[in-house]
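> Fold the following and give me the result.
(chains A and B)
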Amino acid sequence: MTANLIHVLLLLVMPPLLAGVINKTKAWFGGRVGPPLLQSYYDLIKLARKSMVLSTTTTWVFRAGPVVTLAAVLMAGLLMPLGAFDAPIRFSGDPIFFAYLLGLARFFTTTAALDTGSAFEGMGAAREVTFASLSEPAVFFALLVLARLSGSLTLTGMLHGPMGGFSAATAAPLILVAIGLFVVLLAENCRIPVDDPNTHLELTMIHEVMVLDHSGPLLGVILYGAALKLFIFGALLLHVLAPFQTGVAWADWLVFCAEMLAVAVAIGVVESIMARLLMRRVPYLLTGALLFCGFGFLLLVR
Amino acid sequence: MSLESAQTTAFTNGRSIELGAIPTLEFDGFEDAILDAVALGQRVAALFAAPSARPGGALLYVVLADDRENRLGVTRTKIDGDSFPSLTPQCPQVHMFEREIAEQFGSSPTGHPWLKPVRYHRSWTGRDAWQRPAHEAILAGVTDFYRVGGDEVHEVAVGPVHAGVIEPGHFRFQCHGEQVFHLEIALGYQHRGVEQAMAGGPHARSIHYAETVAGDTTIAHATAYCQIVEALARCQKTARAQTLRGVALELERLANHVGDLGALAGDVGFLPTASYCGRIRGDFLNMTALLCGSRFGRGMVRPGGVVFDVDDARVAELLRRLDAAERDTAVAVNLLWDTPSVMARFEDIGPLPRQVAMDLGMVGPAARASGLARDVRHDQPSGIFRFAHIPVSTYDAGDVFARAYIRWLEIQQSTAFIRDQLSAIPAGEVRVPVGPVAPNKLVVALNEGWRGEVCHVAITDAEGRFGRYKIVDPSFHNWTGLAYALRNQQISDFPVCNKSFNLSYCGHDL
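Presented below is the predicted three-dimensional model:
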């Protein structure tokens, strides 16, 4: 019960901190001070107090988009086990539910973008779904590998692995899956090299351009949802990358939080040392991620 | 060469000639003079109309730059009525000039393939080349844009309000998915009427108009204006003043080139160079401030010389800062060429072939990146550049990388130039008095601003006032080059292409 409470609490409170850590890391590389660590929280509070401007060409879809997206991502967060602990909600086959929740979130984000009728937003929506058609299969392959390794069909069971932990023989597919998942994490959360969260150049954006017309509290909901999504993908990656457990509950929570911040630092480092890819080369990167996860699966079924 | 000398009057950059010495040709002769000169490799530096004595009529002037001979040629013709034959089909580089003449004087270039307004203002003569009713407001960017038909072709409109704090301009893309078929650029949002404000001068405000034609090119435009006044007043500047002008001009180039390289890195999401170059640009701006108290060089250049002298302590401080900034720039910029992910974003993006650059009359780093060795400091030198030569940097690829790399080459050349000049400044006054302006003259002043050739042309009337003052910012030549470079490119590469040209909106809009 306590674990469930802490799970929900972390899920609700921690995500915006990751953005702060990423920005601090990038600022450090650039020789700058950077925005405060808690800037994302301040932004959310600021946006919540603002009024909204709604385009007259939009319908209820435009308003429902961010809300449905946030609800779906929150639900997905409740299915995802954090660190050494079980997820609050778990049932056989929940990986499929998890994937479809993220699909639903994407569907409503892109539909809300198309609802504005703007050329920019349509362009962003087209890019988003094109790239998603490559990153989603990668996630499915990763889940297949984990299901096969653990013999479980719940996210909690799959990600915690078989009793006694994964054996050394399974290291090869897990490494492949970890690489694939990290690329998917960057792509799904609109980070460099796929997207640039800081750019003001509409024509180069993927995710940001889809939410250009949202303002005030709705924009806050979108930003919060995006942070949650990063948190969930980070938690997923950590299970594969660093399944360390101490056996002591409070220490395990600390380990999880520290690892999560380390993921944020890693993202910040990637963003600091390389430029974005050409838009038409992004599919190559995602195909690479798909192949990594796919070969991980091949190694198991040979 | 005898062919052109019969048709045009030859002179040099920054020298005045008598209006009477300029032949007034029949239109056919005028056309031949331009076409022959361009066929011989000369450029059209300016083509403009000026009011003639007869009401309703106008005189067309052309300034041709013969870069190989370091000479300029000027000739003119009369046009009567509301049209004249367009030269654009045979000589594409005059296309914007002819549109400008149509807009300013209401004289249509018949046969012009792309006759649209340039800046969206009322004509100066009351005639309108597009027969727009007088009571209807003329709004910038409201025109018939070129459209590509087809179900799968979509149109993307960007601007004039942008997501970043930049100048207003409207970009209309015809796209097939991510591929750009055609880009049309509509400007004019920042039209202030500088040329009209300059007419009737020189007066107390003229220098300020010149300094603010394009805020980031303050020194180059102010110097061009001062060269005009000095040529008309037969004023001899001191060597010290010319050196300081040269130093200020190159500092302006350094600040902008470094800023551009940082902005290019920022556009592809490469943070280290973006952050460092942003800071180093400030260092160069502060060096300009050390010269004259203004980071953008306002108040530095005035007719007769420069306003602010330097003492030994200031020179030592400038040299110290120059060394530090040079070291930092080398580290930050070389990081670009050493990072494969950055090079992948620069190479083969937005290519502008040499022949197209030549046909369009491109100038500045954009022309040099396409292999055209065009540099006013070398081709039509004035001031300090007659004595101290800066090698012309060229590259042949014509892509975003070439335009970035040219900037890096010029940064190195300019740094060396400033160090040389500051180490041996001639003694003397920095400013001499300027007498009254001579009547019935024509002067052309060319300067290599950091973006390219800054061209000012002045014609004085019988009272010694500017009857016509023509300003050509390098952006006026180069915007079409950007539109061309985008053909068959990815629309997501537009920002980085745009930044690699980094053209001025207000310099174009005047």
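
> close enough to count as contact, B:D128 and B:G106?
Yes. Counting by CB atoms under 8 Å, B:D128 touches B:G106, with 5.4 Å between them. No exception for glycine: its C-beta is placed from N, CA and C like everyone else's.

> can you list the residues of chain B near chain A?
Applying CB under 8 Å from any CB of the partner chain, we find that chain B lies next to chain A at B:154-158, B:162-164, B:177-178, B:265, B:267-272, B:274-276, B:279, B:339, B:341-342, B:344-345, B:349, B:490-495.

> Might you specify the subset of those residues located within strands?
B:H154, B:E155, B:V156, B:A157, B:V158 (DSSP state E).

> which pair in these spans the largest distance?
B:H154 and B:V158 (13.2 Å; CB to CB).

> neighbour count winner among the two?
B:V158 (23 against 16; other CB atoms under 10 Å in any protein chain shown).

> center of chain A - which residue?
A:L230 (3.2 Å; CA atoms, centre = their mean).

> for it, what are its contacts?
A:P15, A:L18, A:A19, A:L185, A:N189 (CB atoms under 8 Å, 6 or more residues apart in numbering or on different chains).

> What is the burial count for the residue nearest to A:F141 when sequence neighbours are not counted?
Closest residue to A:F141 apart from its sequence neighbours, by CB to CB, 6 or more residues apart in numbering or on different chains: A:C293 at 3.6 Å. A:C293 has 27 neighbouring residues, counting by other CB under 10 Å.

> Could you look up the SS state of A:C293?
Under DSSP: H, G, I helix; E, B strand; the rest coil, the three-state class of A:C293 is helix.

> circling back to that earlier point, between B:D128 and B:G106, which is the more surrounded one?
B:G106 (22 against 18).

> What parts of chain A come near chain B?
A:26, A:29-32, A:119-120, A:122-123, A:126, A:192-193, A:196, A:198-204, A:212, A:271-281.

> and those, which are buried?
Neighbour counting over the residues of chain A next to chain B (16 or more other CB atoms under 10 Å in any protein chain shown) leaves A:26, A:29-30, A:32, A:119-120, A:122-123, A:126, A:192-193, A:196, A:199-204, A:212, A:271-272, A:274-279 as the buried ones.

> so what's the closest residue to chain A within the stretch 151-300 of chain B closest to, chain neighbours aside?
When scored by CB to the nearest CB, the stretch 151-300 of chain B has B:S275 as its residue closest to chain A, at 3.2 Å. Leaving out its chain neighbours, the residue that sits closest to B:S275 by CB to CB, 6+ apart is A:G30, at 3.2 Å.

> Might one say that that neighbour is in contact with B:T273?
No. Taking contacts as CB under 8 Å, A:G30 lies outside contact range of B:T273: 9.3 Å.

> need the contact list for whichever residue of chain A sits closest to chain B.
Nearest residue of chain A to chain B, counting by CB to the nearest CB: A:G30, 3.2 Å away. A:G30 sits next to A:S272, B:L271, B:P272, B:A274, B:S275, B:Y276 when contact means CB under 8 Å, 6+ apart.

> So it versus B:L335, what's the distance?
Distance, A:G30 to B:L335, by CB to CB, to the nearest Å: 12 Å.

> and what of B:D396?
Counting by CB to CB, the gap from B:D396 to B:L335 is 24 Å.

> hang on, B:H456 in a helix?
No. Assessed with three-state DSSP, B:H456 is strand; it does not lie in a helix.

> and B:V444, bridged to which residues?
B:V457 (DSSP bridges).

> Surely it and B:V74 touch.
Yes. Between B:V444 and B:V74 there is a contact at 7.1 Å, judged by CB under 8 Å.

> The two: who's more crowded?
B:V444 (29 against 23).
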